[in-house]
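Engineer: next one to model:
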Amino acid sequence: FIREHSSDDVRSLALKGGKYPNVDMPTAITQIAGRQIAAEKIPSWRALDAILYPKHLSMEQCSSEVTARYKTTLAQGKSLADLTGGFGVDCSFLASGFDEAAYVERQSELCDIAAHNFQILDLNHIQVHNEDGVTYLLNMAPVDCIFLDPARRNEHGGKMVAISDCEPNVAELEDLLLSKAQRIMVKLSPMLDLSLAIKELRHVEEAYILSVNNDCKELLLLLGHQPKTDAPIHCINIQTKGNEHIQTFNFTREEEQKSNCNYADTLGDYLYEPNASLLKAGAFRSIAAAFHISKLHPNSHLYTSDQLIENFPGRVFRVTDVCSFNKKEIKEKLAGLTKANLTVRNFPASVAELRKRLKITEGGDAYLFATTLNNDQKVLMKCEKI
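Structural biologist: Have a look, this model is predicted:
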């Protein structure tokens, strides 16, 4: 039944339960919905018919295959303990780099699903423990690496974005964690203030901001016994569409403060928009210095140059026209343009307001940027993507 209805709308299917009296409809709906999410989020699992899926919230909260695979490049060794097992996506991928692994989860239903799936995935070196993660931590033998993904929702379903609001509270457990492992990998909400998190945790060796297709997905903090006074920040954007590749930019807070940043009063031939990880990290001066490009304005976070910069970690455009917001000039410069991708950066109007004013709908091959230059001039740039 699940295979036959794998592409059905689950809401409509749930209303037809009476037509299938011999089918455990709630279980079937959960599996069909899980398969549909996994088709995009965990494609290698979706290809395996025997994989079981949990309820929607666990599917929503689990890592994607893309980010889980990236995490495997950051931790290998003999032994791993995942203290917040959940659906088991991170544990399954991370475990591939270890000789033995422990999956710890206090929800028995998730433990049963994980134990089943680990067998299907031939991950027989993972031991499943139906136990509270902190209780397990207190009694466990030391391991090479501990992974934690603290719960980021309160009992009412609200999202939690501060370390102290998450469960377990890693800041309170920091010394205990480091007494049990050489390296601690902590996955946090992309909404969390990265600078605050690094200050709150005293043993941060490295920080990673993971984006997928320019959408910020995770903050990763690596804790260890050799904490850095100025931990390096790695901005990672994994492109899975078109030409698959990974954009990487590394910097420190000290480098950001000391970097020389030039500002442009006039626009060059090319426009650069840093990817989501760079914007989240606040690498605004560092990126300008590293690629020898000029920033349009201290608050615009857009950059320009006369020569094309290769391998810029973000979107690159060729500027084809620029105008002020004089009605006559707009009419002349945008004549015939009815559709464009509109972006607003440091500009006193929203995208919706500008669309209405310019009478332009979303889409097409043209790109418009409304922003402010260093001389405080408000401009509209027409571009084509490179």
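Engineer: what is the mean pLDDT for the strand ranked longest in the chain?
Structural biologist: Counting residues, the longest strand found in the chain (DSSP state E) is strand 361-372. The average pLDDT for strand 361-372 rounds to 95.
Engineer: what comes into contact with stretch 280-293?
Structural biologist: Stretch 280-293 is contacted by residues 190, 194-195, 209, 211, 216, 233, 235, 249, 251, 255-257, 259-262, 272, 274, 278, 294-295, 301, 303-305, 309, 312-313 when judged by C-beta atoms under 8 Å, 6 or more residues apart in numbering. Quick note: C-beta positions are derived from backbone N, CA and C, even for glycine.
Engineer: only whichever of those residues are buried, select them in ChimeraX.
Structural biologist: Entered in ChimeraX, the line below selects the buried ones among the contacts of stretch 280-293, by 16 or more other C-beta atoms under 10 Å:
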select :190,194,209,211,216,233,235,249,251,255,256,259,261,272,274,278,294,295,301,303,304,305,312,313
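Engineer: which of the contacts of stretch 280-293 fall within strands?
Structural biologist: Per DSSP E, the subset of these in strands is 209, 211, 216, 233, 235, 249, 251, 272, 274, 294-295, 303-305.
Engineer: relative to residue 38, which of those is nearest.
Structural biologist: Using C-beta to C-beta, residue 211 comes nearest to residue 38 of the ones in strands among the contacts of stretch 280-293, at 21.0 Å.
Engineer: mind jotting down where the strands sit in the stretch 51-200 of the chain?
Structural biologist: If DSSP state E, counting those that start in this stretch is used as the criterion, the strands of the stretch 51-200 of the chain fall at 77-82, 98-105, 126-130, 143-148, 181-188.
Engineer: using a markdown table, lay out these together with mean pLDDT.
Structural biologist: Below are the strands of the stretch 51-200 of the chain laid out as a markdown table (pLDDT from 0 to 100):
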| stretch | mean pLDDT |
| --- | --- |
| strand 77-82 | 98 |
| strand 98-105 | 98 |
| strand 126-130 | 98 |
| strand 143-148 | 98 |
| strand 181-188 | 97 |
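Engineer: the stretch 201-350 of the chain: helices as residue ranges?
Structural biologist: Per DSSP state H, counting those that start in this stretch, the stretch 201-350 of the chain carries helices over the ranges 253-258, 276-281, 284-291, 327-333.
Engineer: sketch out the low-pLDDT regions of this structure for me.
Structural biologist: Along the chain, segments meeting pLDDT under 70 span 153-161.
Engineer: give me the contacts around the lengthiest helix in it.
Structural biologist: Looking across the chain with DSSP state H, the single longest helix is helix 25-41. Outside of helix 25-41, the residues within contact range by C-beta under 8 Å, 6+ apart are 1-2, 5-8, 10, 13-14, 17, 45-46, 51-56, 59-60, 62, 64-65.
Engineer: then stretch 326-334?
Structural biologist: By C-beta under 8 Å, 6+ apart, the residues outside stretch 326-334 that reach it are 321, 322, 323, 358, 360, 380, 382.
Engineer: and the fourth one, how many neighbours?
Structural biologist: When counting by other C-beta atoms under 10 Å, one arrives at 19 neighbours for residue 358.
Engineer: again with the third one
Structural biologist: One way to gauge burial is a neighbour count; for residue 323, by other C-beta under 10 Å, it gives 16.
Engineer: who are the contact partners of the closest residue to residue 187 other than its chain neighbours?
Structural biologist: In space, not counting the residues next to it along the chain, residue 187 is nearest to residue 149; the distance is 4.2 Å by C-beta to C-beta, 6 or more residues apart in numbering. Residue 149 is in contact with 63, 84, 86, 90, 186, 187, counting by C-beta under 8 Å, 6+ apart.
Engineer: my guess is residue 383 contacts residue 273. True?
Structural biologist: No. Using C-beta atoms under 8 Å, residue 383 is not in contact with residue 273, being 9.7 Å away.
Engineer: anything in contact with each of these two?
Structural biologist: Counting by C-beta under 8 Å, 6+ apart, the shared contacts of residue 383 and residue 273 are 317, 369.
Engineer: what residue is smack in the middle of this structure?
Structural biologist: By C-alpha atoms, centre = their mean, the mean C-alpha position of the chain lies nearest to residue 217, the distance being 1.3 Å.
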